[in-house]
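J.: Pasting the sequence and the predicted model now:
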Amino acid sequence: MGIMISKSNSSSEMKCFVDANWGGEGNLSTHGYIMFYGINPIWWQSKRRVTIASSAAQAEYMALSFASNEMLWLYNLFLDILKNPIPTLYSDNQTAVGISTESMNRKQTRHLIRELIAVHKLKLEWILTNDQLADILTKSLGSINHGFFVSLINSS
């Protein structure tokens, strides 16, 4: 059993929805991400961080950094079949997106993700919280919200 990716998919882009919660159980953040190739979820993870973030933006930024490394690994794996060569990360935290781009450039926040965006190996876009598919991996959701996110993931 495995993943079957057909040529009939209308979209061949690689995208990743990234989210984090801040100061959960034991003040440790949880990050989660779901990566898609076209409409197919191909990789996902939810993990409690071992480092303590000092803010929600820092927790989200650490999640973006971790997911970008994983996405580059998958990108290199899919390089021969990708039609859209630049994978996209989606985050619902405006501050983390700002830190990752030139809009909030500070010496103490220099990181690989900013460099990858600058050389067009990754794109990073802000999305509304309601569109954040990775919420299902980082937050306790009621049955209605859980079902809603599962249906969104299935229709992506």
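T.: Nice, thanks for sending it over.
J.: Skipping adjacent residues, who's closest to Tyr75 in space?
T.: Using C-beta to C-beta, 6 or more residues apart in numbering and skipping the chain neighbours, the partner closest in space to Tyr75 is Pro87 (5.3 Å). The way it works is simple: take the backbone N, C-alpha and C, and place the C-beta from them, glycine included.
J.: Can you read off the pLDDT for the one you found?
T.: pLDDT for Pro87: 89.
J.: That one and Ser29, how far apart?
T.: Separation of Pro87 from Ser29 (C-beta to C-beta, to the nearest Å): 23 Å.
J.: Same question for Ile113.
T.: Taken as C-beta to C-beta, the span from Ile113 to Ser29 is 17 Å.
J.: what's the helix or strand containing Phe36 packed up against?
T.: Assigned by DSSP states H and E, Phe36 falls within strand 30-37. Applying 3 or more C-beta pairs under 8 Å, 6 or more residues apart in numbering; DSSP states H and E, we find strand 30-37 packed against strand 14-21, strand 40-48, helix 56-78, helix 135-138.
J.: Report the angle between the first one and helix 56-78.
T.: Right, strand 14-21. Here the directions of strand 14-21 and helix 56-78 differ by 150 degrees (axes from the mean of the first three to the mean of the last three C-alpha atoms, to 10 degrees).
J.: right, and the helices and strands packed on strand 30-37 - which one's nearest Val119?
T.: Nearest to Val119 among those is helix 56-78; the distance by C-beta to C-beta comes to 11.7 Å.
J.: Any buried residues in the closest one, and which?
T.: For helix 56-78, the neighbour count (16 or more other C-beta atoms under 10 Å) marks 56-68, 70-71, 74-75 as buried.
J.: Report the distance from the strand holding Phe36 to the chain centre.
T.: Distance of strand 30-37 from its chain centroid, counting by C-alpha atoms, centre = their mean, to the nearest Å, is 5 Å.
J.: That strand pairs with which strands?
T.: strand 14-21 (antiparallel), strand 40-48 (antiparallel) (DSSP bridges).
J.: What mean pLDDT does stretch 14-30 get?
T.: 81.
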